[in-house]
Every structure is written in structure tokens, then in C-alpha cells.
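[1] let's see this in three dimensions:
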Amino acid sequence: MAATDLAATRRQLLESGKSGKLDAAGLRQVLVDLHEFWLTSKGAELGIRSDSGFAIVAVGGLGRGELLPFSDLDLILLHDDIAPDRVSEVADGLWYPLWDANIPLDHSVRTVPQALQVASEDVSAALGLLEARHIAGDEDLSTLLIGGVRQQWRTGIRDRFPDVVAHAQDRWRRAGDIAHRAEPDLKNGRGGLRDVQLLGALAMAQLTDGMASLRPDSPGAGPQVAYGRLLDIRTELHRIAGRPREQVRAQDADEIGAALRIGDRFDLARVISDSARTVSYSIDVGLRTAGNALPRRGLAKLRRSPIRRPLDEGVVEHNGEIVLARNAIPSKDPGLILRVASASARTGLPISASTLSRLADYAPELREPWPSEALSDLLVLLGSGHHMVDPIEALDRTGLWGRLLPEWGAVRDLPPRDAIHTWTVDRHLVETAAHAGSMTTRVSRPDLLVLGALIHDLGKGRGADHSIVGAELAIQIGNRFGLWPQDVTVLSEMVRHHLLLPTVATRRDLDDPATAEMVAETLGHNRVLLELLATLAEADSLATGPGVWGEWKASLISELVRRALRLIDGGDLARPEPLEPEQIRLAEAGGFSVEIVPADGPHTYRVTMVAPDQPGLLSKMAGVLGLNGLRSHSATVQCHASSAVNTFVVVPMFGSPPEAGLMRQQLMAAVEGKVDVLARLDAREADSPIPTIGSIMVPPGAAAGTGASAGSTDPAVDGAGHPKTAVPALFAVAPPRILWVDPVTGIDAGTGADASDEPSAEVLMELRTDDRIGLLSRVSAVIERHHAQVRWAKVATLGSTVVDTFCLLLPDDTAAARRALADDVLAVCPPPQPRAEPDGDGPQAAGGTARSGVPIS
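    Model (predicted):
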């Protein structure tokens, strides 16, 4: 067969493919068979036989046995150091017919040592030669090359691994992320075909098990299935475009979808996103596994195995990954999934693939309604800002996220219907929640803010108004999470009206009094709902795409909110619950008392501490809890009969709480001055491998939130760029804030002219901040240093955000005194995470915040 006949047959095959006679996989196989036949026949004609000292070796698509319609023929003519004239004669006889027939060709002529030398110097060449396959001629010569390349790859992988990672990253930078590109590069983009081939190369180096990192029933059905889908789409792209093209363009998408019986261009985009995200997750796991499996040298061989650091109940860090503790039993611990995910978000460490697989196999579903600990762990995850993205993606790719939120399937990989959106709908929801996580201190209900952000568009893809459908879904989700009925109502209203403020502010006359009246009436004059919607509007806009949120839009929404607030009465003030009869009895008995009883969850306890009232007592009580590893979820501080009666709802970091008698002795020692509680808290925090719930962990030497570049030679970073030994960094995701509220009117009292001129006036101080070890003890100590009396206090930890309300009796209630107290309280809170200052067109808050965290009046 002449090469021109080969080209003509190729054209006929493409025409038959368009008529539906050959599917994508069938077309690729026929093309492989056709070209192998021609090369074998031509080789025999040129004398390339088993004893000739020549061999034709295929790499690329033909080497993998998946030749696409317009892919280059990647061929190597191997020879056993034969005379140059004879080599030139054979090479010309093989290459020129292909060139004359306009068949694209990428060729080389080498001896085995020359080919091995090229592979040792060039990562791209090495990766290509790992897929080499014998076509014709001296098979022993081909085997010598193929075996030599693979042996060289295995023995040299330790030194070459950083270059391999850098090579992949450079490709990703150039081609982008397939899952979130309007015109994705199926071959070179992140999550594309090259990544699956890289997984095969890592398996050849005996560093990973190839593509076995996902269960077949996971979204995307595992990387092998995802690879097949992307390969079929790329095949149809070649056939429809009539040329070698790697980017799926909008004008070709409908035809590709129809040819593959996928549907329209939106259905095709969904399949591409799903497959690419599956591959992306698999390559992340593969690179991380490979980095940990690299053989050690020298003194590194003598080092002990990495230690296992406890992070939460049943969760530890091992070798730079989140894994299960040895005594963890997933089948008996439904909340373990969320504890693993929240630990990953808090530390910035990835979840081990084996841990995810074990959870997917054995972890049962959470009972409904969820226990309070599970909801708290979810809120910690959602309150971690963009540190939540990777854990949620890992849960989603392994089918675990869908167990927690069955409604998620309708929006998973759902493409946006307008060009203004950057992300798929599910990723947009995660991005919105991530932005909302940095705004939690703006609102009085940070838990509802991040939950509403996560589900606000969950009604999309269901054939009806997504706000109305989503509001109904919010009710069933809120009930499943175990929210109070009134909170379920607010969550549903958030979803129902999440577009209200942006729509009204940009389309209605704000000077018309009816506009603000309509907003207030629509929201039922609910101040909390209004502030939640204002913050959600900003987070939603920032997560939509560049330029959607700016000063103009922010100013309009801010003005609308200000006008609507004038029509809404002050919100309900936080007040302590009346003391129970048993608490009154303990207070009247006098002395010291500590009682610990189980609360509403398997790991939740209620601690009641009673002691003679005196300055500094609250700080010492809260400090004793912190020293015993008890995290306060809520607290009520009251007095009766000259005794302080303080009740705390706590969750132990590990195991069970200590005996009540031991804590009573510790409290007495702290009150008597035998124990410096604050000093011990500082020491505990400095020595703890566990980050504070609201803080993040960063690799040593890196700025918080910047991570580390993959392929770095920093010993603290693995090959995929993940920190191996992260350290706690006290940076809050959301900036701390203090509000001063008049205890009678419930109106913001400010720090300036609104401050009372009367001495010893009561005022409510509301602190909103991310949590840290012993925060309540530290804040109480600051209040006591300012000689302010705590008449009562109500403390709530909502995920990673603390909302503490103190009723204070200030000896000097002036603007200067309030400002001084606020500055000192903010000094013991985690500082806001460092971030670049926005430019003039960047996102601005609808209501500004001073650098000290005190709202600007």
C-alpha cells in the first residue's frame, strides 16, 4: 500500500465516522491497525526485519494504541549502530512517503544508547519513551530500548521527581484547569489526558498503584473511565474540526455532544468538568503518594518513621497527610467524615487517599437530625475560608460529600448558563462559602451565613425558579442538620431572597421611601436576615467572577441596607437563661463546686462551675477548661448569693473530660494564685501541634495562605507542594470585631459620642472573632484588668467563629475607655490573615470596618 493510499483510507474512515458507522473508540482502533499494517509492510519492503538491526518503535498515540484522526505519527527508527549510508537510505524510504502524503510525522533516528541518553536529559522525552511500543523489525532491539528506559526511570526517579512535578506544573500554567475553562485543553490542561499518562509513569517507577485511587462508584467513576470519556471527546473534536485541535470550542460543542450521545453543549461541559476533576484529584493523590514513597538515601534511611500527631478524636497527622487514628472505627463513628475534613481545613494538610477510601467503604450515614458535634465540625470546615476547597473536593470525588448533602448531585459539575460565571454551580457554592468564611465577624449569626452561602444556588438545574426550589431544599437541609426551627426559617429565607438586595439596589430608585419599605416588609422586618443577606450578596458576587463586585455595587447595597435598617427595630438582645434550682442550691451552699454531665451529643458535656465571686474568676474558670483540652461551644456567666455560677457546654479535644474533683482542685489552685492559668495556656498553645479552630497552618517560612510551590526542594514540602510539617499560625480567617450595644434599646452604642457620660453605666460588648485556645480566659482577663465588672455573659462558638456577649459595668464609660478596652481585647484575638490590599476597583465591604475591628460609625 502506498502512503497516498494510507492517507485516502484515513479520509474514508473519518467520513464513515461522521455517518455513525464507527464510534470514537472503534475509529481509534482502526486507525492504529491501519498504520501498523502500513508501517509493517513498508518496513519489510525496506528490509526492516527481525534480523536486520533495525526496528520501528512507536511512541505517543500510536505507542499507546489510541491514535486520533489528526494526531502526529510519533516514530523512532532504531538501529544497531549500522553504517550511516544504510541508515540514511532506510530512513528516507520510510519518512518521505509519509511526508509526500501529507501525513503529520514526528520522527527520530537513534541507537539505543542515544535514545537512553536523550531520555536521561529530557523529562518530556523520558515520559514519551515510557509509552514506546514495538511495531516492526528487530524486536530484541526494541525490547532493549523499552526495558532500558523503564529501568533508567525507576532508578533515577528520586533525583528526577522535582523536575517531573515542575514539568507538570508548567504545563498546567500554560493550559489552565480543564474543569473551569470555557474552552478547555483536553490534552495538556490540569485534569487532562497528559495527567493520566503521568500517573502511568509514576506507576512504572513503582511509586504509586497507577489509577486505583478512586472507587468505581465515585463521581467520575474513577480516572480510567474519566480518561476514556476525555479521549472520546478529543477524538470527536479532531473529526469535527478536521484538524489537530485540543481545545473544545463553543461552536463545536453541540456537535460533539450529539456525536457522543451526551446531549447539548451544557451536558458536554458537565461531562468534561466531572472527568477533569476526577483526574485532577487522582493526579494530586498520585504525586503526593509518589513524593512520600521516594527512596531514602544516606542518613535519611536511619531516621525514624514519621510520628503520628493527634488532631481530633480519631484523627491524626502522619507524614504530611490526615489519616485515621489506629483506634478509630469508621463503622461506629458517623461523625468521623466531618472531623477528618475539618482537620484538613484547619491544618492545610491533604486527606490521605486510603483514609478517604476507608471512610467511603465503612462510614455510616449520619442519623437525622445530625448530632451537634457533626454540625459544629461542618461549620468549622465552612468557616476556614478557601482552606475548605480541597477537603470538600476530596470528599466529593470519593462520594462522601454526596452522603452529607444528597441534594448536591443536581448541581455537581453543572455549567453556568451565562458567561459572567467563572465556576460550575457546585464550585461556585463552595467559593461563595469560602468568601463568606472571611466575613463571619460582620454578622451575629456566622453559622447561618456560611450555611446559606453553601446552599444558596442549590435549587439550580431542577427546571424551576432556583430561589423558590432552593428555599424548599433549605428547609429539609436545615432540619437534617439539626437547626432550631426558627433558624431553619431564616436559612430558607436567605436562599429565597439571596438576590433581593443586588436586584433592588441596582434596578430601583433608592431615594423612593417605598423601596426600603418593600425590602423591610419582604424580610419581615428581620434585622438578622437583612445583615445576612447583605454579607451573602458580597460573597456571592465575589465568587461569581472578576468585576462583579465593585465600589458602585457595594455603595448601592450599603445605602439600601442603611435605609432598610431605619425601618427595623433593634434586634433581640442576648440575655442569660434563669438559673436552675440545682444551680441556685450550689450557689447558696457557697464554696467551690464543679459538676460535669453529658449533654446532647456523644462527645458533648455540660460543666457547671461555682465559686465565691471575685475579680478574675471567669478568666480562671475558662482557663481551667482550656488547660484540660475542653473546647467551649457555649457559656453562661451569672451570679447568685455572692457566688459565681458559670455553665459551659464543652467538647473534649480527645477522649473524655477529666474527673470533676480534679477540675475542682485545679480551680481552687488557680483562684489561690498557685497556678498561673494564662501562662500555662500560652505554653500549651506554643507546644500544641493542633492549630486553633479559627487559625490556619502554613509551611515554615511561607506567608500564611500562600502555600508552597509544587516541586519545591524545601524539605518541609512534598513533591506536590503540600506541607509535610505544617506549623500553627495564629491568623484568623475573618477579622475580629467588637460592637457596643445599649442594653435597653439594643441599638449600636458606638465608641464615640453615643457613649454614656454617666459613670458606672451598663453596656453590652459583643465580640466576634475566630477562636483560639483559652480565648474566653484571655478576654476575661483583659476585662478584669480594666476594672470592668461582668454582670453576666453569654458565649457561643459557632463553628470556628466566636460570638461572645458581655454585660459590663464600666467604671469609666467614656469613648476613650471603651476604645482602650476594645483595643486590648482585640489584641488577644487571632489577627486577620495577611492579604494583599485591594486596588481601587477591588471588592469593598458594604459596611466598612476600622483597622481595629470596631465598626465605623
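
[2] all strands for the stretch 351-500 of the chain, in order.
    Using DSSP state E, counting those that start in this stretch, no strands are found in the stretch 351-500 of the chain.

[3] run through the stretch 251-400 of the chain and note the low-pLDDT ranges.
    Residues of the stretch 251-400 of the chain that meet the criterion pLDDT under 70 lie in 297-305.

[4] and what of the chain?
    16-21, 210-221, 297-305, 569-575, 688-732, 744-761, 833-857.

[5] which of the residues in the longest helix seen in it are buried?
    In the chain, assigned by DSSP state H, the helix with the most residues is helix 139-175. Judged by neighbour count (16 or more other Cβ atoms under 10 Å), helix 139-175 contains these buried residues: 141-142, 144-146, 148-150, 152-153, 157, 160-161, 164-169, 171-172, 175. Placement of C-beta: from N, CA and C, glycine included.

[6] same deal with stretch 788-798?
    Under the neighbour-count criterion of 16+ other Cβ under 10 Å, stretch 788-798 has 788-798 buried.

[7] nearest to residue 224 among these?
    residue 798 (42.4 Å; Cβ to Cβ).

[8] and the closest one, bridged to which residues?
    Beta-bridge partners recorded for residue 798 (DSSP bridges): residue 801.

[9] ok, it touching residue 379?
    Yes: using Cβ atoms under 8 Å, residue 798 makes contact with residue 379 at a distance of 6.0 Å.

[10] now do the shared contacts for the two.
    446-447 (Cβ atoms under 8 Å, 6 or more residues apart in numbering).

[11] returning to what we had before: list the contacts of whichever helix or strand comes after the longest helix of the chain.
    Remark: after helix 139-175, the chain's next helix or strand is helix 193-204, criterion DSSP states H and E. With Cβ under 8 Å, 6+ apart as the test, helix 193-204 has contacts from 64, 127, 130-131, 150, 153-154, 164, 168, 171, 186-188, 208-211, 223-224, 226-227, 230-231, 234, 279-280, 282-283, 286-287, 289-290.

[12] how big is the angle separating helix 193-204 from helix 139-175?
    Interaxial angle, helix 193-204 versus helix 139-175 (axes from the mean of the first three to the mean of the last three Cα atoms, to 10 degrees): 130 degrees.

[13] run the chain-centre distance for helix 193-204.
    24 Å (Cα atoms, centre = their mean, to the nearest Å).

[14] same thing with stretch 232-246?
    Distance of stretch 232-246 from the chain centroid (Cα atoms, centre = their mean) equals 33 Å.

[15] wait, residue 51 sits on residue 138?
    Yes: the pair residue 51 and residue 138 qualifies as a contact (Cβ under 8 Å) at a distance of 6.9 Å.

[16] quick check: closest non-adjacent residue to residue 30.
    Excluding its sequence neighbours, the residue lying closest to residue 30 (Cβ to Cβ, 6 or more residues apart in numbering) is residue 13, at 5.9 Å.

[17] and residue 187, how far is that from residue 67?
    Residue 187 sits 14 Å away from residue 67, going by Cβ to Cβ, to the nearest Å.

[18] sorry, that was for residue 624
    72 Å.

[19] mind checking which of those two has more residues around it?
    residue 624 (30 against 27; other Cβ atoms under 10 Å).

[20] adding distance to residue 544 and secondary structure, write the buried residues of stretch 788-798 out as JSON lines.
    As requested, these are exported to JSON lines (distance: Cβ to Cβ, whole Å; DSSP: H, G, I helix; E, B strand; the rest coil):
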{"residue": "788", "distance to residue 544": "44", "secondary structure": "coil"}
{"residue": "789", "distance to residue 544": "48", "secondary structure": "strand"}
{"residue": "790", "distance to residue 544": "44", "secondary structure": "strand"}
{"residue": "791", "distance to residue 544": "45", "secondary structure": "strand"}
{"residue": "792", "distance to residue 544": "43", "secondary structure": "strand"}
{"residue": "793", "distance to residue 544": "40", "secondary structure": "strand"}
{"residue": "794", "distance to residue 544": "36", "secondary structure": "strand"}
{"residue": "795", "distance to residue 544": "36", "secondary structure": "strand"}
{"residue": "796", "distance to residue 544": "31", "secondary structure": "strand"}
{"residue": "797", "distance to residue 544": "31", "secondary structure": "strand"}
{"residue": "798", "distance to residue 544": "26", "secondary structure": "strand"}
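
[21] the residues you listed: which two are farthest apart?
    Farthest pair in the buried residues of stretch 788-798, by Cβ to Cβ: 789 and 798, 26.6 Å.

[22] and the residue nearest to residue 494 when sequence neighbours are not counted, what is it in contact with?
    Once flanking residues are discounted, residue 494 sits nearest to residue 452: 3.8 Å by Cβ to Cβ, 6+ apart. The neighbours of residue 452, taking Cβ under 8 Å, 6+ apart as the test, are 436, 474, 491, 494-495, 498, 532, 536.

[23] just those residues: which are in helices?
    Judged by DSSP H, these include 436, 474, 491, 494-495, 532, 536 as members of helices.

[24] out of these, who has the most neighbours?
    That'd be residue 436 among those, by other Cβ under 10 Å, with 31 neighbours.

[25] distance of that one from residue 369?
    23 Å.

[26] what's the answer for residue 33, then?
    60 Å.

[27] for residue 29, same thing?
    54 Å.

[28] kindly report the same for residue 808.
    From residue 808 to residue 369 the distance is 36 Å (Cβ to Cβ).

[29] with residue 80 instead?
    In terms of Cβ to Cβ, residue 80 sits 74 Å off from residue 369.

[30] again, but for residue 295
    50 Å.

[31] before we move on, what about residue 740?
    36 Å.

[32] for residue 512, same thing?
    Distance from residue 512 to residue 369, counting by Cβ to Cβ: 44 Å.

[33] just want to know which of these two has more residues nearby.
    Applying other Cβ under 10 Å to residue 512 and residue 369 shows that residue 369 carries more neighbours, namely 14 against 11.

[34] excluding its backbone neighbours, what's nearest the more buried one?
    Nearest to residue 369 is residue 482, by Cβ to Cβ, 6+ apart, at 3.4 Å.

[35] is it true that the one you found touches residue 372?
    Yes: shown here, residue 482 and residue 372 form a contact pair, counting by Cβ under 8 Å, at 6.6 Å.
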